[in-house]
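> Turn this into a structure:
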Amino acid sequence: MRRGSERIWPEYASFHDGSDPPAYHLEPRRRARGEGQGWYRQIFSVCPDKSTKWNRLGFLASVSVGTKFIVRARTADQQTDLVSAKFVTVHDVPPDTSPVDLPPDLPEGHFIELAIHLYAKKGGVSPAVDTIGFDFECTDDVSTE
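Numbers count the residues shown, from 1 in each chain. Alright, predicted model coming up:
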């Protein structure tokens, strides 16, 4: 597994470095108001100047009873092309077994964008996603600019 990140877009989720280990989870003030969902997105690239075959996704997560998260992904060789790429559902947790095979309809691409949707019960505990990693293969040369 290898980690890499370039940009994070938190939306109704926050990084809490007081937890052990640090993790993304739903903001407490949203859970208290009964807004039991949120999401964040992150773009990864791991093969300099190469397209990438993304094989498996690994994660460390805490998923309490009544909570869940859904992982969706999209890929492109150009970062600007991610916006028009279609998201594919990768995993619906629970179960929180990791790693998981990425779907065969997820195309190769230098960049992979993950959208992780977090769901919790009203006023309850949030699921938390700590570590994300990939099993991948570097494939064809590409221009990523």
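
> make it CA atoms for all contacts and neighbour counts henceforth
OK.

> and the residue lying closest to Ala76 once chain neighbours are set aside, what does it touch?
Nearest residue to Ala76, sequence neighbours excluded (CA to CA, 6 or more residues apart in numbering): Gly109, at 4.3 Å. With contacts defined as CA atoms under 8 Å, 6 or more residues apart in numbering, Gly109 is in contact with 51-53, 75-78.

> Could you check how far Gly109 is from Thr67?
Separation of Gly109 from Thr67 (CA to CA, to the nearest Å): 31 Å.

> cool, Gly58 as well?
Gly58 is 19 Å from Thr67, by CA to CA.

> In terms of pLDDT, where does the residue nearest the centre of the chain sit?
Central residue of the chain (CA atoms, centre = their mean): Leu114, 3.8 Å from the mean position. The model reports Leu114 with a pLDDT of 90.

> right, and out of the contacts of Gly109, which lies closest to Phe44?
Thr75 (9.6 Å; CA to CA).

> Tell me which residues are up against whichever helix or strand that closest one is part of.
Element membership for Thr75, per DSSP states H and E: strand 68-76. Around strand 68-76, the neighbours that count as contacts under CA under 8 Å, 6+ apart are 63, 82, 85-94, 106-120, 127.

> could you flag which of the residues you listed are buried?
Among the contacts of strand 68-76, those scoring as buried are 63, 82, 87-91, 93, 106-120, 127 (criterion: 16 or more other CA atoms under 10 Å).
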